[in-house]
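Asker: next come a sequence and a model predicted from it.
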Amino acid sequence: MNAAVSVEPDRGLITEADIDRGYDACAIVRVCELAMEQIPELGQDALVNEAVGDIVRLLRMVGQMTGASLNVLELAKTRQADTKA
């Protein structure tokens with residue numbers, strides 16, 4: 001997620017676009033997680049179900065990481081605004 005953060009040259013400010021990209025990343029991961037959860041219901045074999053379960057767990061971890069990163073980004077933006085005032 002850090003690679004997606006844009007920094008204004010010379011000032012290093014977090015922008016609303018950075019926050020929006022964070023929300024987009026969280027939404028994309030959640031949609032993928034929900035889609036993967038539906039695959040076992042298609043009646044696949046045990047190996048496919050195991051792989052899907054592993055992918056869902058991975059997506060949950062990524063979702064937690066992107067959510068935590070978004071929280072940090074929002075906190076930094078708030079502190080950034082406080083220092084301007």
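Answerer: Alright, I've got the coordinates.

Asker: those helices in this structure, which residues are they?
Answerer: 16-38, 46-84 (DSSP state H).

Asker: roughly how far does the nearest residue to Gly67 once chain neighbours are set aside sit from Asp20?
Answerer: Counting by CB to CB, 6 or more residues apart in numbering, Gly67 lies nearest to Cys26, which is 5.7 Å off, once chain neighbours are set aside. Using the backbone N, CA and C atoms, a C-beta is placed for each residue, glycine as well. Distance of Cys26 to Asp20, computed by CB to CB, to the nearest Å: 11 Å.

Asker: of those two, who's got more company?
Answerer: Set side by side, Cys26 and Asp20 show more neighbours around Cys26, with 19 against 10, by other CB atoms under 10 Å.

Asker: got the contact list for the more buried one?
Answerer: 63, 66-67, 70 (CB atoms under 8 Å, 6 or more residues apart in numbering).

Asker: one more time with 6 Å
Answerer: 66-67, 70 (CB atoms under 6 Å, 6 or more residues apart in numbering).

Asker: ditto for Ala51
Answerer: Taking CB under 6 Å, 6+ apart as the definition, Ala51 has no contacts.

Asker: mind checking pLDDT for it?
Answerer: We have a pLDDT of 85 for Ala51.

Asker: give me the distance between the closest residue to Gly63 other than its chain neighbours and Leu70.
Answerer: Spatial nearest neighbour of Gly63, chain neighbours left out: Val29 (4.5 Å); criterion: CB to CB, 6+ apart. Counting by CB to CB, the gap from Val29 to Leu70 is 11 Å.

Asker: relative to Val62, how far out is the closest residue to Lys77 other than its chain neighbours?
Answerer: Leaving aside its sequence neighbours, Lys77 sits nearest to Ile14 (CB to CB, 6+ apart; 4.4 Å). Ile14 sits 21 Å away from Val62, going by CB to CB.
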